[in-house]
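Enquirer: Return a 3D structure for these sequence lines:
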Amino acid sequence: MYKLTLKEYEGLFNKLYTSLCLFSNKYVTDLEASKDIVQDVFVKVWEDKIEFKDDHAIKSYLYTSVKNKSLDYLKSKRYKSTDHFATNEMEKMEKRSFFLREVVIIETSTIIDKAINSLPRKCAQIIRLSIKEFTNIQIAEELGISINTVKTQKKIAYKKLKPLLKDYFILIAFIFD
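Expert: Presented below is the predicted three-dimensional model:
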């Protein structure tokens with residue numbers, strides 16, 4: 001068991017803040033509320049000087065805490081009175097399968113984004129547009145390049161992404177199932 005040093009805490013915050021905000025937003029669909037929720041969780045970790053067994057335990061604790069605080073937010077009187085959140089929607093979100101799926105989606109998206117960021121700039125641009133379901137013709141028009149350049153850059157990108165993402169194939173398949 002160990003307590004986080006200030007440097008470790010800051011590194012953890014910088015590494016996971018955005019992912020945790022996106023995760024919370026899957027529940028509360030309000031980015032500002034999500035940011036507040038995540039900040040509250042990080043403040044609690046720091047103020048309570050919570051001890052962790054390892055890095056996996058830290059991540060697990062943070063995702064679970066953000067989920068619980070997000071659900072608490074949804075259950076709060078203020079939220080119920082202004083949005084009339086459906087009971088069956090709340091029950092769906094409280095299920096472990098929803099939680100696990102959302103964690104996998106956020107974590108996998110982060111892994112894919114990091115891999116795409118490692119590509120040359122033009123390849124990364126083309127892959128990002130491709131993910132947004134742009135056709136090769138639309139990508140060529142958007143970037144002012146030829147269709148053949150788009151195709152060539154995609155081949156280069158896929159060739160570089162394949163070894164980077166091979167260990168995550170199961171996760172990626174789970175998301176797009």
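
Enquirer: For Asn31, list the residues it contacts.
Expert: Just so we're on the same page, residue 31 is Leu rather than Asn. Counting by Cβ atoms under 8 Å, 6 or more residues apart in numbering, Leu31 makes contact with Cys21, Asn25. In this view, the C-beta of every residue, glycine as well, is placed from N, C-alpha and C.

Enquirer: The residue nearest the centre of the chain: helix or strand, and which one exactly?
Expert: In the chain, the centroid-proximal residue (Cα atoms, centre = their mean) is Ile106; its distance is 2.7 Å. Here Ile106, judged by DSSP states H and E, is contained in helix 96-117.

Enquirer: after that helix, next one along is what?
Expert: helix 121-131.

Enquirer: export that next one as PDB, just CAs?
Expert: The C-alpha coordinates for helix 121-131 follow below in PDB (Å, rounded to 0.1, in the frame of the first residue of the first chain):
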ATOM      1  CA  ARG A 121       0.600  14.600 -39.300                       C
ATOM      2  CA  LYS A 122      -0.900  14.000 -42.700                       C
ATOM      3  CA  CYS A 123      -1.600  10.300 -42.000                       C
ATOM      4  CA  ALA A 124      -3.200  11.200 -38.700                       C
ATOM      5  CA  GLN A 125      -5.500  13.800 -40.300                       C
ATOM      6  CA  ILE A 126      -6.600  11.300 -43.000                       C
ATOM      7  CA  ILE A 127      -7.300   8.500 -40.400                       C
ATOM      8  CA  ARG A 128      -9.300  10.900 -38.200                       C
ATOM      9  CA  LEU A 129     -11.400  11.900 -41.100                       C
ATOM     10  CA  SER A 130     -11.800   8.300 -42.100                       C
ATOM     11  CA  ILE A 131     -13.000   7.400 -38.600                       C
END
